[in-house]
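> Sequence isn't available, so here's the structure alone:
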């Protein structure tokens, strides 16, 4: 199993500002995933973060808006840049998941942009 | 179009009663199906994971079923408790793919 510490748990931000979300895992993992969960909707994969290489972004998400860092095998950050009210959502980091391995999630960051 | 559809979107049940949640998927080739429980303000926590050859799996009062032929799964909650109030998410993974397909979840509210 993996224990993921994600922070902040929630924040209220002014539009035009940026917020960096941190995710710390208690074990070394190759891949870390960042998701967005909008109210009443499925989790949507933003990007996959691999240590030592640039993150891989899904369609509809770009690095300038959601820059990601992965400095080592236990840590990653996601920044939500130049925020607008449409960015209000829950952001989750996750590890594991492929095939028969388990997927573990952080507690989530509830972001409100005003 | 989402490859994982859940129903109902939400339901309210009385404490002590049973309920069943449904999940239909079109993900292929299928690897496994998982049910997660997500409490408000928390990340999803795994309840069960089933592969192609498994058709039922239990975790306490939670019992999941899988029919890989019809691509349907259900999650049955027995003798519901107030702490069962949460969103239940069905997640399907493909063979040889690290990406997961998520349902939108069913919000369960248990009332005393």
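Okay, I see it. Remember, predicted model here, so these are calculated numbers, not experimental data. Numbering: from 1, shown residues only, chains lettered A, B, ... in the order given.

> what bridges to residue 77?
The chain I'm using is chain A. Taking DSSP bridges, one obtains residue A:22, residue A:69 as the residues bridged to residue A:77.

> let's do chain B instead
Here residue B:77 sits in beta bridges with residue B:19, residue B:62, going by DSSP bridges.

> shaky segments in chain B?
Applying pLDDT under 70 to chain B flags the ranges B:1.

> try chain A
For chain A, the stretches flagged by pLDDT under 70 are A:97-101.

> State the number of residues packed around residue A:73.
16 (other Cβ atoms under 10 Å in any protein chain shown). Backbone N, C-alpha and C define where each C-beta goes, glycine included.

> same deal with residue B:3?
Neighbours around residue B:3, by other Cβ under 10 Å: 16.

> what's the distance between it and residue A:13?
33 Å (Cβ to Cβ, to the nearest Å).

> for residue A:45, same thing?
Residue A:45 is 23 Å from residue A:13, where distance means Cβ to Cβ.

> again, but for residue B:110
Taking Cβ to Cβ as the measure, residue B:110 falls 34 Å from residue A:13.

> What of residue B:47?
Taken as Cβ to Cβ, the span from residue B:47 to residue A:13 is 33 Å.

> More neighbours: which of these two?
A side-by-side neighbour count of residue B:47 and residue A:13, using other Cβ under 10 Å, places residue B:47 first with 20 against 16.

> Between the two ends of stretch A:59-71, what distance do you get?
End-to-end distance of stretch A:59-71 (Cα to Cα, to the nearest Å): 24 Å.

> hmm, who's touching it?
Residues from elsewhere that reach stretch A:59-71, judged by Cβ atoms under 8 Å, 6 or more residues apart in numbering or on different chains: A:32, A:34, A:46-47, A:49-55, A:57, A:76-82.

> Show me which residues of it are buried.
Neighbour-count burial for stretch A:59-71, counted by 16 or more other Cβ atoms under 10 Å in any protein chain shown, picks out A:61, A:65-68, A:70.

> Ok, stretch B:104-112 next?
Under the neighbour-count criterion of 16+ other Cβ under 10 Å, stretch B:104-112 has B:104-108, B:110 buried.

> Contacts only, for residue B:39.
By Cβ under 8 Å, 6+ apart, the residues touching residue B:39 are B:45, B:86.

> Good, we can wrap up now.
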